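*Asks:* got a structure for you, letters missing:
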């Protein structure tokens, strides 16, 4: 799921080349406008300026063409500009005011609805401009029940067309006619009129709040290119377009955040003077305490949302702040399943917990702090950053543990071995990294976090995302405590990921060290220790010591047969590898027989379409090909390739492995032109997916060079020299693959045909 505020509803506004931060508040703090002399009679209440803050508009607005067009298509409705705080709703309204004021015989009034006092003062001024009586002014100043009717009686008789803006209406009830009423029910202050246009800026995008006479325009983040231009305009010496783009993405393209960052970077001698440095400061938390744009605390992004949370707490919803804090420990801009939120235990009576969570999520959505879809909740990156900045002064450990419980809940009932569940694990990975990043100092990662990190790493590995799986395991292990059974399994998962990336020596050494500790902790025949010994045998084979690998595999098979049923998946897995290592040593008939026996049992236990069944089928075809039954093997590999494409996708390493076998079979059957074309396409994908120096990439590069040689192409020798150098760097001069490449070079130089290529399956 891509992240986009427009998709779910917490959206935001106009951005300019110069920030418009706290526009409404600046209007409130102005010296009151000079008013006409009062009529004789009782003293009139004081008002405040209702001039629109167009002087703070930039000379050049960036983006927002669609929103500006929508404002021109008014259609007689109240226009509600709704979205996250700091998105530029005020700027969009001010831009409209500037354009409206250019028309002849038009009035524009700008009323701050940020709090009750300033709202009433603004209403008094509007009424006075329309010729209100002192009694009407006093009714408006005192918040009389009929105050909206009194104001609208004046507006409907106004001699000129008008624009009335209620800015910062983040507490919509202030615009309602009476307590408990909705501001958009037709009795409140926002009403539709043929004489003019009413615009409201707010974080509340609820249709229930604003009613059927309102048109809610949900204002999203700035387009990426416009966000880059904004940063470059404000801080032209802070870095390149690409660095600005990376910072813009990190800030979620949030206009206020971009403005604050740009102003900071453009100021004299900032602590973080480049886009890249500012982004790093955000990543490590150093930049959160003051993303400042002046003395007004609301110009600091982190306080923008605390004001709303204070309001909700004082309105009887104290659970909203801890709920946001918990969500902010998860990955920002990444879906959190709504169902998992019910695992959160708030400080409320148990029989109210689910209702309070549901209400809290809805309030967070209404005020633009989260996006809510049918099945997921997302927190904006800057909201999450700002919220996390408050954790050290609160119950950080308790909040963080609650977030761990939430993420654990998202994986309830899932199996990392099931391809159907892999997308859910992939979606969980960023949340686990976020939990590590937000873990309080001095706290060890608890066992449930280690276990879900292991399961997620396994699912990532099996789905082909091996490097991300390794990074996840390493990140969580960096905060783990002393070795226990759960940490042992996570360490083992990291070893697997290292080996699958071709770092065989590193994987072997790590496996040996972990095996020594694990055998002492758990015993040599413990299932987890046997699993590690199995993988040690595999990396030993990949390093070319097949005899030693076979001894380890057979010892593991004996241990598993002692502890597990003969058809247990783990037993079958090692049995499969015993057949494989026999093939690696050229005992093809023995390997074929072993694979056929394993395949029969795997199909019976796992079904025909399990990925492990496909592994055995693939390796069986490999043994058949190495007995020169090429047509039989080619037919089998074509079937396996189609099933892997369907089950695993075109870029999965095993799918690429099937393509490799077909290219190799074309070469072995005397079709070098076809083989070379297949290798060329395969290499492009292997380099993209696995990297230039992965062993599988080098095998394909070696065999492509042999296909070039078979075609008599001069570049074959240079291609082999490149492979030889890469293999020596990766595997050492004595590895069988390195020696085979050196021999092929000598053969070509001496005018001989190189040996037919062979490779491990």
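*Replies:* Arrived safely. Because the structure is a prediction, the values reported are computed rather than measured.

*Asks:* ok, residue 157 - how many residues close by?
*Replies:* Residues within reach of residue 157, counting by other C-beta atoms under 10 Å, total 10. (C-beta placed from N, C-alpha, C; glycine too.)

*Asks:* measure the residue lying closest to it once chain neighbours are set aside to residue 123 for me?
*Replies:* Distances taken as C-beta to C-beta, 6 or more residues apart in numbering put residue 130 closest to residue 157, at 7.7 Å, once the chain neighbours are dropped. Counting by C-beta to C-beta, to the nearest Å, the separation of residue 130 from residue 123 is 11 Å.

*Asks:* on that earlier part again, phi, psi for the residue nearest to residue 157 please.
*Replies:* phi -90, psi 10 (degrees, to the nearest 10).

*Asks:* how many neighbours does it have?
*Replies:* With other C-beta under 10 Å as criterion, residue 130 counts 18.

*Asks:* contacting residues for it?
*Replies:* Taking C-beta atoms under 8 Å, 6 or more residues apart in numbering, we find residue 130 in contact with 154, 155, 157, 158.

*Asks:* can you do 10 Å?
*Replies:* Residues near residue 130 by C-beta atoms under 10 Å, 6 or more residues apart in numbering: 107, 109, 136, 151, 153, 154, 155, 157, 158, 159, 162.

*Asks:* Buried residues in the helix or strand containing residue 602, which are they?
*Replies:* Taking DSSP states H and E as the criterion, residue 602 maps to helix 588-606. Neighbour counts over helix 588-606 (16 or more other C-beta atoms under 10 Å) mark 588, 591, 592, 594, 595, 598, 599, 601, 602, 605, 606 as buried.

*Asks:* List only buried entries from the contacts of residue 130.
*Replies:* For these, buried by 16+ other C-beta under 10 Å: 107, 109, 136, 151, 154, 155, 158, 162.

*Asks:* just to revisit the earlier point, how near is the residue nearest to residue 157 to residue 105?
*Replies:* For residue 130, the distance to residue 105 - C-beta to C-beta - is 14 Å.

*Asks:* And for residue 118?
*Replies:* In terms of C-beta to C-beta, residue 118 sits 28 Å off from residue 105.

*Asks:* What residue spans form the domains of the protein?
*Replies:* 22-33+46-218, 224-287, 319-550, 633-749 (automatic domain parsing).

*Asks:* Check the offset of the shortest one from the chain's centre.
*Replies:* This points to domain 224-287. 20 Å (C-alpha atoms, centre = their mean, to the nearest Å).

*Asks:* re the thing from before, which residues do residue 130 and residue 123 both contact?
*Replies:* Joint contacts of residue 130 and residue 123 (C-beta under 10 Å, 6+ apart) are 109, 136, 151.

*Asks:* Need the pLDDT of the nearest residue to residue 584 once chain neighbours are set aside.
*Replies:* Leaving out its chain neighbours, the residue that sits closest to residue 584 by C-beta to C-beta, 6+ apart is residue 546, at 4.8 Å. Per-residue pLDDT puts residue 546 at 96.

*Asks:* next one: the one 4 residues further on
*Replies:* Reading off the confidence values, residue 550 has pLDDT 98.

*Asks:* The closest residue to it other than its chain neighbours: how many residues sit nearby?
*Replies:* With sequence-adjacent residues excluded and distances taken as C-beta to C-beta, 6+ apart, residue 550 is closest to residue 581, at 4.6 Å. For residue 581, the neighbour count with other C-beta under 10 Å is 25.

*Asks:* Could you list every helix and strand that the strand or helix carrying residue 581 packs against?
*Replies:* Assigned by DSSP H and E, residue 581 falls within helix 569-584. Contacts defined by 3 or more C-beta pairs under 10 Å, 6 or more residues apart in numbering; DSSP states H and E place helix 569-584 against helix 527-542, helix 546-563, helix 588-606, helix 611-625.

*Asks:* For the ones you listed, could you give me TSV that also reports distance to residue 386?
*Replies:* Output for the helices and strands packed on helix 569-584, formatted as TSV (distance: least, C-beta to C-beta, whole Å):
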stretch	distance to residue 386
helix 527-542	42
helix 546-563	52
helix 588-606	49
helix 611-625	43
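
*Asks:* quick one, which of the ones you listed is nearest to residue 374?
*Replies:* Of all these, it is helix 611-625 that lies closest to residue 374, at 30.7 Å by C-beta to C-beta.

*Asks:* now the angle from the closest one to helix 588-606?
*Replies:* With axes from the mean of the first three to the mean of the last three C-alpha atoms, to 10 degrees as the basis, helix 611-625 and helix 588-606 are set at 160 degrees to each other.

*Asks:* Quick check: mean pLDDT of helix 611-625?
*Replies:* Across helix 611-625, pLDDT averages out at 95.

*Asks:* Do you have the strands of the stretch 351-500 of the chain handy? List them.
*Replies:* 370-372, 376-379 (DSSP state E, counting those that start in this stretch).

*Asks:* Output the contacting helices and strands for the shortest one.
*Replies:* Just to be clear, that refers to strand 370-372. Under the contact definition 3+ C-beta pairs under 10 Å, 6+ apart, strand 370-372 sits against helix 5-8, helix 320-328, helix 353-366, strand 376-379.

*Asks:* Go through those and pick out the most buried.
*Replies:* helix 320-328 (a mean of 25; mean count of other C-beta atoms under 10 Å).
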